[in-house]
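Novice: what's the 3D shape of this:
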Amino acid sequence: MRFYIIAGYLFTAVFGTLSHFLYDCSGQNLFIALFAPVNESIWEHMKLSFFPVLLYAFFLSYIRQPEKEFHTLRDALLLGNFVGTFSIPVLFYTYSGILGRHLLAADIAVFLLGLFFAFRFAWKGKDTVRTDSRRKWIYLLTALLALLFFIFTFYPPRIGLFLDLS
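Specialist: Below you'll find the model as predicted:
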């Protein structure tokens, strides 16, 4: 299990970093826009964590290890994905509010720390009955957040979280 947590963290860190450039490299493909940031807003950068972790959680569904154990890890990771994804704006606004500006190195650290929170939460929650009993809610909330990412990519609300910081 520890191997899959570490491998997942490394995979999502690399895949999330590469997806930062995916939209422009794809010629601004609208399908890619659903999953990769289309601008420099904090909301769009939350995709860097959310979708790679979601992809890795799907991967965990297909591992042929003791089935129950990996399904529980997958569900805990989906729940941890909320923790990691929403820690990004919290950490960003905290440090940039203190400094009065944002720094690229700190932005990268915020992303990596958000992923760490997601996988740490998954590691701690993988053995709990509560995660297993709330599976339907976890799936519903994950689908809802994915839908919000899709909608707000093309119709962002006019609030600071969606402001292009470039």
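
Novice: find the least confident helix or strand in the protein, judged by mean pLDDT.
Specialist: Scoring the helices and strands of the chain by mean pLDDT, DSSP states H and E places helix 129-133 at the bottom, with a mean of 64.

Novice: wait, doesn't V38 sit right on Y23?
Specialist: Yes. Using Cβ atoms under 8 Å, V38 is in contact with Y23, at 5.3 Å. For the C-beta atoms, the positions are set from N, CA and C on the backbone; glycine is no exception.

Novice: okay, these two: which has more neighbours?
Specialist: Taking other Cβ atoms under 10 Å, V38 and Y23 do not tie; Y23 has more neighbours (22 against 18).

Novice: need the phi and psi values for the residue nearest to the more buried one when sequence neighbours are not counted.
Specialist: Excluding the flanking residues, the one nearest Y23 by Cβ to Cβ, 6 or more residues apart in numbering is A36, at 4.4 Å. Dihedral pair for A36: phi -120, psi 150, per degrees, to the nearest 10.

Novice: and D75, what pLDDT?
Specialist: You'll see D75 listed with a pLDDT of 87.

Novice: and it, how far from R135?
Specialist: Distance, D75 to R135, by Cβ to Cβ, to the nearest Å: 5 Å.

Novice: these two: which has the busier surroundings?
Specialist: Counted by other Cβ under 10 Å, D75 and R135 do not tie: D75 has more neighbours, with 25 against 15.

Novice: now the more buried one: which helix or strand?
Specialist: helix 67-99 (DSSP states H and E).
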